[in-house]
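In: Give me a model of this one.
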Amino acid sequence: MKMGDSLYCDDCGFEVMVTKECDESCKKEGCCDVEELMCCGKPMALKQHVRCYEMKKGDVLICDDCGFKVEVVDECDQHCRKEGCCEITEMICCGKVMKLIRKDV
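Out: I've put the predicted structure just below:
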């Protein structure tokens, strides 16, 4: 998992976010053998979202419920990525995460 990735529980809505990535220095010692995190008796799911610096010009975010669309008109230059300004990892509409539609390449 990468910095900013989130796991969530479908049942209760509990969510955790990676705030520091594993450097795998302890991999040989067996500390990285946890395959999944559990909540409400079920494995937590990886929240599928896209960060601003991953979106490209022409990509569109769309709401499956009402059809609202937002198009990327200028790409993130990533200059602030290390400073934490790219912390918004999802756009919500009608109470749900908007779906990313990639521009045809």
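In: is it true that Tyr53 lies in a helix?
Out: Yes - the assignment for Tyr53 is a helix, going by DSSP: H, G, I helix; E, B strand; the rest coil.
In: What about it, how many residues nearby?
Out: By the criterion of other C-beta atoms under 10 Å, Tyr53 has 14 neighbours. In short, each C-beta sits where N, CA and C put it, glycine included.
In: do Gln78 as well
Out: The local packing count at Gln78 equals 12, with neighbours defined by other C-beta under 10 Å.
In: Identify the residue nearest it in space, chain neighbours excluded?
Out: Sequence neighbours aside, Tyr53 is the residue nearest to Gln78 in space, at 4.8 Å (criterion: C-beta to C-beta, 6 or more residues apart in numbering).
In: Wait, that neighbour touches Asp59, no?
Out: No - counting by C-beta atoms under 8 Å, Tyr53 stays clear of Asp59, with 11.9 Å between them.
In: Report the beta-bridge partners for Val97.
Out: According to DSSP bridges, the residues that bridge with Val97 are Ile92.
In: Now do it against Gly41, distance only.
Out: Applying C-beta to C-beta, to the nearest Å, the value for Val97 to Gly41 is 24 Å.
In: Compare these two and say which is more crowded by neighbours.
Out: Taking neighbours as other C-beta under 10 Å, Val97 and Gly41 compare with Val97 leading, 17 against 7.
In: Tell me the predicted confidence for that one.
Out: Per-residue confidence (pLDDT) for Val97: 80.
In: For Asp64, which non-adjacent residue is closest in space?
Out: Lys99 (6.0 Å).
In: Contact partners for that neighbour?
Out: Remark: with contacts taken as C-beta atoms under 8 Å, 6 or more residues apart in numbering, Lys99 is in contact with 61-64.
In: Return the members of those classed as buried.
Out: 61-63 (16 or more other C-beta atoms under 10 Å).
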